[in-house]
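1. Quick one: sequence plus predicted model below, questions after.
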Amino acid sequence: MMAATAHALLPMKRFLLTLALFALSAASHGAGLPADIATQLPPGYEPMAYQAGPQIEGGRRSMLVVAHRRDDSADTPSPRPLLIFEEQASKQYRLAAHNETVVLRANEGGQCDPFDDGDNGLAVKGRYFTVQNGVACGAHWTDFITFRYDAERRAWLFDSEILTSSDPLNGTPDKVHVTHAKRAKPVSFEAWRPVR
């Protein structure tokens, strides 16, 4: 009788374990993102990707957050605003800048998602960060846009954009196009728009 009861409880234990793992996964979707940042996301948006950004003056931290709508897909693409949050003296984060065009939408990469598929995303080095869009579905291309924190201006500025393309199936020559910022005419992170 005891063995039969234990056997009957086994499916229930598996169900509860699965439920617990699902709950843990759902809770960790935004895990690590400070609560004061999560409350500043645009209404209807959730974090898609985030990571610590460059340090700013006084050793304060920044946080880069790409947000999107829950139903974001190639069929129903949503804007993917990139939000830059800066740590304040109070240790709380304040939204400092945002751009809705630097992270490509799910339908802007042909067969593949140009930001979410593969090894693309965000890269940070020193006072610079790069948004890495790209696809490797048939024709291959990357669009890496780099910004920097300018301590003198206390602003986030465009630094460079590197576009590469190749078509290994058709043997066409690889192409690279580089655009550098004009130091005399700085472009803010919020004002930057793609040339395409």
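-> That came through fine.
2. so where's this structure shaky on pLDDT?
-> Counting by pLDDT under 70, the chain contains low-confidence residues at 1-31, 118, 196.
3. which residues in the chain form strands?
-> For the chain, strands defined by DSSP state E occupy the ranges 45-52, 62-69, 82-87, 93-99, 121-125, 128-137, 139-150, 155-167, 172-180.
4. Which one of these lies nearest to residue 189?
-> In terms of C-beta to C-beta, the element of these nearest to residue 189 is strand 155-167, at 3.8 Å. C-betas here are computed from N, CA, C, even on glycine.
5. returning to what we had before: let me have the strands of the chain in TSV, extended by distance to residue 188.
-> Shown next, in TSV, are those (distance: least, C-beta to C-beta, whole Å):
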stretch	distance to residue 188
strand 45-52	21
strand 62-69	15
strand 82-87	11
strand 93-99	7
strand 121-125	19
strand 128-137	14
strand 139-150	9
strand 155-167	6
strand 172-180	16
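6. Just send those back as a markdown table, with mean neighbour count and distance to residue 39 too.
-> Shown next, in a markdown table, are the strands of the chain (neighbours: other C-beta atoms under 10 Å; distance: least, C-beta to C-beta, whole Å):
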| stretch | mean neighbour count | distance to residue 39 |
| --- | --- | --- |
| strand 45-52 | 17 | 12 |
| strand 62-69 | 22 | 12 |
| strand 82-87 | 22 | 11 |
| strand 93-99 | 18 | 10 |
| strand 121-125 | 15 | 21 |
| strand 128-137 | 20 | 23 |
| strand 139-150 | 20 | 24 |
| strand 155-167 | 18 | 22 |
| strand 172-180 | 10 | 36 |
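7. Residue 192 is nearest to which of those?
-> Proximity to residue 192 (C-beta to C-beta) singles out strand 155-167 among the strands of the chain, at 4.7 Å.
8. hmm, who's touching the closest one?
-> 84, 96-97, 128, 138-150, 172, 174-181, 186-190, 192 (C-beta atoms under 8 Å, 6 or more residues apart in numbering).
9. change it to 7 Å
-> When contacts are defined by C-beta atoms under 7 Å, 6 or more residues apart in numbering, strand 155-167 is touched by residues 84, 97, 128, 139-150, 174-181, 186-189, 192.
10. swap in stretch 179-194?
-> Where contact means C-beta under 7 Å, 6+ apart, the residues beyond stretch 179-194 that reach it are 84, 97-99, 101-102, 147, 155-161.
11. I'd like those residues laid out as TSV, including distance to residue 109.
-> Formatted as TSV, the contacts of stretch 179-194 follow (distance: C-beta to C-beta, whole Å):
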residue	distance to residue 109
84	24
97	25
98	22
99	18
101	15
102	15
147	21
155	30
156	25
157	27
158	22
159	23
160	21
161	17
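12. rewinding a little: and of the strands of the chain, who's closest to residue 34?
-> Using C-beta to C-beta as the measure, strand 93-99 is the one of the strands of the chain that comes nearest residue 34, at 5.8 Å.
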